[in-house]
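Trainee: build me a model from this:
(2 chains)
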There are 2 protein chains.
Amino acid sequence: MDAETAEQMMEATYRALREHGYADLTMQRIADESSVSKATFHYHFDTKEELLKAFLDHLVEQFEGRLASEAGDPRERLDAFLDAIFAPAEDVSPIPLMELKSQAPYHEAYRERFVEMDERLREVVAEAVRDGIESGQFDDANPEAVARFVVTAINGAHVREVALGETPSETRRMVERYLERELGHTTGVVA
Amino acid sequence: MDAETAEQMMEATYRALREHGYADLTMQRIADESSVSKATFHYHFDTKEELLKAFLDHLVEQFEGRLASEAGDPRERLDAFLDAIFAPAEDVSPIPLMELKSQAPYHEAYRERFVEMDERLREVVAEAVRDGIESGQFDDANPEAVARFVVTAINGAHVREVALGETPSETRRMVERYLERELGHTTGVVA
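Mentor: Model (predicted):
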């Protein structure tokens, strides 16, 4: 399929999931959110699960794309990472992702993708911390432990946003204070 | 209804939610998990939502019950709290709770209960921290900030258990190291 159709299908999946929730999600409702026909959806994806797997792959790629340009200064990379997570450019809600996460115990294919996402998130943080320690910008710390901490707090922020309706800014400040304490005064990260 | 019937209904709700997931949950499937008839379920609860509201209230009460006996030493209270969260006595999975949390954006009644649970959790931690600071056992710290941190990490641990299949012991160790750092050497908490 061409890139434009693929993009339309992924956006429709996001919107339908946001609108109806996983329990009431059907191929028809997803097709209704786009100008692509239900037949075309079925041509490319045998089942709803196949489509949602592609959707999760798409999210991972999108996230990678947003971080790809961030080379160089470890401090700026951490900052860009927190921006990408806590202040997404578009009107992106964590609700669809949380719905799919709660389905992971029933769908190994979803779980595999969440495990991959998690490893990638921790890798981005750990690499920035490692580089910053090597260059002497950051205090000595355990990069993997810091990464796990930051990513667990992000997981928590998403639940809080979905379950409690809380904005993620509280968690971001918490993570920034934590990084300041672990890595020393990282003015790029701490506002 | 008598206490035994109520208890049976709540246990059946937990099992049906764990077994079928929210998307495929019906009154019939819940009744099938108990010796209580579907008619009796319908007599007490008009809708599935009403039943799930009662189920969430029941979870809050259960949790309160487990913590009620923990008076006295702030260090032991924090330890008991972490035990209650990270090592529940029975075979309790966070999966049913996570499914309902992902439904909170669509059901204000669920959200209200999650907000209440969250406040209660933070209160328990903040009170123990406050008492420990007053008695001189803990270093000076901001009790509300520590509580928010601990509870956000717990939220994160639950997502990780559900989405990634990770055991919560990693997060527990992380929280214990955090408490040690914030409050000083709290041997009761850190194993």
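
Trainee: domains in chain A, by residue range?
Mentor: A:1-45, A:58-183 (automatic domain parsing).

Trainee: ranking these by burial, who's on top?
Mentor: Mean neighbour count, computed with mean count of other CB atoms under 10 Å in any protein chain shown, is highest for domain A:58-183 among the domains of chain A, reaching a mean of 18. Glycine gets a C-beta too; all of them are placed from N, C-alpha and C.

Trainee: for that one, what does the pLDDT average out to?
Mentor: Averaged over domain A:58-183, pLDDT sits at 89.

Trainee: A:Gly72 sits in which helix or strand?
Mentor: Taking DSSP states H and E as the criterion, A:Gly72 maps to no regular element, lying outside all helices and strands.

Trainee: which stretches in chain A count as helices?
Mentor: Counting by DSSP state H, one finds helices in chain A at the ranges A:3-20, A:27-32, A:38-44, A:48-68, A:74-86, A:95-103, A:108-134, A:143-159, A:169-183.

Trainee: rewinding a little: for the domains of chain A, give me JSON lines that also has distance to chain B.
Mentor: Converted to JSON lines, those look like this (distance: least, CB to the nearest CB, whole Å):
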{"stretch": "domain A:1-45", "distance to chain B": "4"}
{"stretch": "domain A:58-183", "distance to chain B": "4"}
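
Trainee: grab the nearest non-local neighbour of A:Ala153.
Mentor: Once its chain neighbours are removed from consideration, A:Ala153 has its nearest residue in A:Val175; the separation is 5.1 Å (CB to CB, 6 or more residues apart in numbering or on different chains).

Trainee: right, and that neighbour touches A:Thr152 too?
Mentor: No. Under the criterion of CB atoms under 8 Å, A:Val175 is not in contact with A:Thr152, lying 10.0 Å apart.

Trainee: overlap in contacts, the two.
Mentor: A shared contact of A:Val175 and A:Thr152, defined by CB atoms under 8 Å, 6 or more residues apart in numbering or on different chains, is any residue touching both; here there are none.

Trainee: then stretch A:38-56 to CSV, C-alphas only?
Mentor: In CSV, the C-alpha atoms belonging to stretch A:38-56 read as follows (Å, rounded to 0.1, in the frame of the first residue of the first chain):
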residue,chain,number,x,y,z
LYS,A,38,-13.5,-1.2,5.0
ALA,A,39,-12.7,-3.6,2.1
THR,A,40,-9.2,-2.0,1.8
PHE,A,41,-8.6,-2.3,5.5
HIS,A,42,-9.6,-6.0,5.3
TYR,A,43,-7.4,-6.5,2.2
HIS,A,44,-4.3,-5.3,4.1
PHE,A,45,-5.2,-6.7,7.6
ASP,A,46,-6.9,-10.0,8.1
THR,A,47,-8.0,-9.2,11.6
LYS,A,48,-8.3,-6.3,14.0
GLU,A,49,-5.3,-7.7,15.9
GLU,A,50,-3.2,-7.6,12.8
LEU,A,51,-4.1,-3.9,12.3
LEU,A,52,-3.4,-3.1,15.9
LYS,A,53,0.1,-4.8,15.6
ALA,A,54,0.8,-2.5,12.7
PHE,A,55,-0.5,0.4,14.7
LEU,A,56,1.9,-0.3,17.5
